[in-house]
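**Q** Here is the input, now give the coordinates:
(one chain, ligands or ions: 1)
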Amino acid sequence: MVYFCKQKAGGIDVRLFVAVDLSGEVKAALEDIQGQLKGSGVHGRYTARENLHITLAFIGEYGDAQAVLDALEGVRFEPFGLGLDGMGSFGGLWWAGIRAGGGLKGLAAQVRRQLAMANIPFDRKKFSPHITLIRDPDKQVIPQVKIPDVKMTVEGFSLMLSERGKRGMIYTELGTVSAGKEEETI
Ligand code: 3AM
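**A** Modelled structure (predicted):
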């Protein structure tokens with residue numbers, strides 16, 4: 001586990017979630033899709049490039065980020081590949097789908113198991129792998145888009161802090177867990 005922001009990892013309640021960060025290439029492909037949506041006249045709250053991620057578990061307001069980091073440290077996984085796979089929606093939230101074999105679901109399951117074992121509350125809704133591209137689009141139907149053929153290897157995941165900024169959400173990595181390693185030093 002690498003800790004990035006120790007000063008933010010304790011004390012008052014903060015909004016937390018666990019996520020896989022995406023490679024520059026995958027983010028560029030997602031921006032390409034967002035560009036196609038914009039080109040089709042879709043307006044709404046597009047996810048900023050730096051906020052594109054895959055949520056593994058949503059914890060919400062919680063006071064002890066250090067305890068969460070400690071729990072996540074117990075997750076063991078091997079690197080796995082993922083690619084993009086079409087688009088879908090949860091009501092007014094449009095997302096890019098993910099093709100990842102069992103690796104991603106296995107990782108989410110393990111993350112959630114570790115949180116549960118440490119009595120850290122999280123949203124128990126079934127994991128549905130997605131990357132949010134836009135919220136509150138002003139159209140009902142997703143236009144036809146071409147999904148770029150990109151792939152990346154997931155080598156780690158992070159505990160994220162979510163804060164409301166003047167221009168939208170600001171996500172900050174509090175720590176990261178790497179694949180295939182017993183112990184990590186800074
Ligand atoms: O962008 P995605 O969908 O991956 O939607 C929020 C975002 O996920 C989700 O947590 C991620 C970081 O904010 N989220 C926010 N509030 C939530 C809630 N009350 C939530 N997920 C479940 N329950």
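**Q** Just give me the residue right at the centre of the chain.
**A** Closest to where the C-alpha atoms of the chain average out (CA atoms, centre = their mean) is Ile54, at 2.7 Å.
**Q** what are the bridge partners for that one, then?
**A** Beta-bridge pairing of Ile54, defined through DSSP bridges, involves Val20.
**Q** I'd guessed it sits against Ser23; true?
**A** No. With contacts counted by CB atoms under 8 Å, Ile54 stays clear of Ser23, the gap being 11.8 Å. All C-beta atoms are positioned from the backbone trio N, CA, C, and that covers glycine.
**Q** Do you have the helices of the chain handy? List them.
**A** Taking DSSP state H as the criterion, the chain contains helices spanning 24-39, 65-72, 103-117.
**Q** who wins for proximity to Arg167 among the ones you listed?
**A** Nearest to Arg167, of all the helices of the chain, is helix 24-39, at 16.5 Å by CB to CB.
**Q** what stretches of the chain score poorly on pLDDT?
**A** 1-11, 181-186 (pLDDT under 70).
**Q** Contact residues of it facing the ligand?
**A** Phe17, Thr55, Phe58, Gly60, Asp123, Thr132, Ser162 (CB under 6 Å from any ligand atom).
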